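3D, please:
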Amino acid sequence: MQIRRALHQAEIGEEPSGGILRTRQRGYQLFLGRTSLDLFRFVDQVGEGKRALLLGDHCRGAETLRNALAVWQGPPLADVQAGPLITAHQARLQEIRFNCLELRIEAELRLGLHSELISELIGLAAEFPTRENLHAQLMLALFRSGRQAQALDVYRQLRTVLSEELGIEPSRRLRQLHDAVLLADPALDAPRSLSGALPQTLDLVGSCPG
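Here you go, the predicted model:
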């Protein structure tokens, strides 16, 4: 009774038919609507952002993805006792968040915000030294900001890390991006319009998923 009263007073969102807390044979089950749970709000906003990007509305897509990321307040399930199932779920949620982050950065690159992204990307590349897509985005942002030599240095550092820690070479897509930066390929230049299609070379960095 006390739990039901507390949930009712919390006003956590729309209450489904039958109540939020329901008695089951071996205990209780909590029923939450999509607007009541932050994970559902995040997933819905990511979907909306993806749809906007697919329609060429990169400004709305970037804003929606930023709003989705703002739902996060630290590591997922941080106050839940750790265990194999929880750890796996935490890793899955972190990957979903990170994919959204990379997509938001991609959208902002399409908007020509390369200079504004450099500082954030440098920090992310240092935190995730083997994440190729992040390094590709950093290389592109640096190149577009007139820092070609630094963009090439990002590739060299990544190649060293991949070779020494994993015994592998950068992917073909990243090698092609490196060659394009080396040749100062005009196709890597920032898009001239906010809604225009990107040159094919930029697909090396990653396209908007469906």
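
Output the longest helix belonging to this structure.
The longest helix of the chain (DSSP state H) is helix 84-110.

residue ranges of the strands in this protein, please?
21-24, 27-30 (DSSP state E).

what stretches of this structure score poorly on pLDDT?
Within the chain, the segments meeting pLDDT under 70 span 8-19, 193-210.

Swap in 80 and give it another go.
Regions of the chain meeting the criterion pLDDT under 80 cover residues 1, 3-22, 25-26, 30-36, 82, 191-210.

where do the helices sit along it?
Assigned by DSSP H, the helices in the chain fall at 2-10, 38-54, 58-70, 84-110, 114-127, 132-144, 148-161, 172-182.

closest one to P191 among those?
Of all those, helix 84-110 sits nearest to P191, with 6.1 Å by CB to CB. In short, each C-beta sits where N, CA and C put it, glycine included.

the inter-axis angle of that closest one versus helix 114-127?
150 degrees (axes from the mean of the first three to the mean of the last three CA atoms, to 10 degrees).

Turn the helices of the chain into TSV, including mean neighbour count and distance to I20.
Conversion of the helices of the chain to TSV gives the following (neighbours: other CB atoms under 10 Å; distance: least, CB to CB, whole Å):
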stretch	mean neighbour count	distance to I20
helix 2-10	11	5
helix 38-54	17	14
helix 58-70	19	24
helix 84-110	17	22
helix 114-127	16	38
helix 132-144	25	40
helix 148-161	16	48
helix 172-182	17	47
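
out of those, nearest to D189?
For D189, the closest of the helices of the chain is helix 132-144, at 6.7 Å, according to CB to CB.

Mind listing residues that contact that closest one?
Helix 132-144 is contacted by residues 102, 105-106, 109, 112, 114-115, 117-118, 121-122, 124-125, 128, 148, 150-152, 154-155, 158, 170-171, 173-174, 177-178, 181, 184, 188-190, 202, 204-206 when judged by CB atoms under 8 Å, 6 or more residues apart in numbering.

tilt between the longest helix of the chain and helix 132-144?
20 degrees.

helices or strands next to helix 84-110 in the packing?
Packing partners of helix 84-110 (3 or more CB pairs under 8 Å, 6 or more residues apart in numbering; DSSP states H and E): helix 38-54, helix 58-70, helix 114-127, helix 132-144.

Please work out the angle formed by the directions of it and helix 38-54.
30 degrees.

now for the helices and strands packed on helix 84-110, which one comes closest to P76?
Proximity to P76 (CB to CB) singles out helix 38-54 among the helices and strands packed on helix 84-110, at 8.0 Å.
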